[in-house]
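# Sharing a model prediction with you, sequence too.
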Amino acid sequence: MRANPPLDLVTEDNTVAQITRAGEVINELNKTSTEVESLKCQLKEDMSENDRIEIQNRLRDMYKEALCQDGFSLKMATSLVVFLVRCTEDGILVVLAERGKSIIIFCLCNTVKALDNLRLMIVSGFMRDVFTDIISLQTCTPTTVDVGVGDDDIISRRSCLTAQQDKGWLFDRQLLILNL
């Protein structure tokens, strides 16, 4: 993620820490909550759009509550939850964020469908909008955000997921690095 104007180091470090911590909190909740697991299973079934929205809203509420209990502000939790629910629904884990030439977010996609869904979140502008909201909560300066991932990264990660068993790449090659 590249912000324009560039973020100061404190804001960038704070953003990285919050994205990483939010991913940890939600990944732990997804592993330990039987209610979340039940909702995730229901999302995989064919269902009406109204039922899907209801389940997404229940997940948002649970995620928001977990983040707020972990010390996130309500506004920040609300902005992060939009992204995290979509990731959960699409089978994507937010593993880590770090500072580089930009903010880099590491996402784990265990299926080709999850990888394709992540790519769609990027090219549709969904992630740009979410991270613009997240950054705007931390800075007084109007900021635009560019989110990108190289087509070569998508292609190589896709090959990791479609290779024959014991013929593919190592686990760490399945992590898709998003330059935000």
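Great, that's in hand.
# For the chain, which segments count as strands?
Applying DSSP state E to the chain gives strands spanning 2-4, 92-99, 103-109, 144-146, 175-179.
# The fourth one pairs with which strands, and in what direction?
The strands beside strand 144-146 in its sheet (DSSP bridges) come out as strand 2-4 (antiparallel).
# circling back: hey, which of the strands of the chain is tucked in deepest?
strand 103-109 (a mean of 22; mean count of other CB atoms under 10 Å). Quick note: C-beta positions are derived from backbone N, CA and C, even for glycine.
# Which other helices and strands does that one contact?
Using 3 or more CB pairs under 8 Å, 6 or more residues apart in numbering; DSSP states H and E, the elements in contact with strand 103-109 are helix 9-32, strand 92-99, helix 112-123, strand 175-179.
# could you dump these to a markdown table with distance to residue 85 and mean pLDDT?
Formatted as a markdown table, the helices and strands packed on strand 103-109 follow (distance: least, CB to CB, whole Å; pLDDT from 0 to 100):
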| stretch | distance to residue 85 | mean pLDDT |
| --- | --- | --- |
| helix 9-32 | 9 | 94 |
| strand 92-99 | 11 | 90 |
| helix 112-123 | 12 | 87 |
| strand 175-179 | 17 | 52 |
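# Could you export these as CSV, including distance to residue 136?
Listed next are these as CSV, based on distance: least, CB to CB, whole Å:
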stretch, distance to residue 136
helix 9-32, 11
strand 92-99, 17
helix 112-123, 19
strand 175-179, 19
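# So, low pLDDT: which residues of this structure?
45, 149-180 (pLDDT under 70).
# burial count for the closest residue to residue 128 other than its chain neighbours?
The shortest distance from residue 128 to any non-neighbouring residue, by CB to CB, 6 or more residues apart in numbering, is to residue 147 (4.9 Å). Residues contacting residue 147 under the criterion other CB atoms under 10 Å number 23.
# Correct me if wrong: residue 147 contacts residue 129.
No - Residue 147 lies out of contact with residue 129 (CB atoms under 8 Å); the separation is 9.3 Å.
# and residue 79, what does it touch?
130, 133-134, 137 (CB atoms under 8 Å, 6 or more residues apart in numbering).
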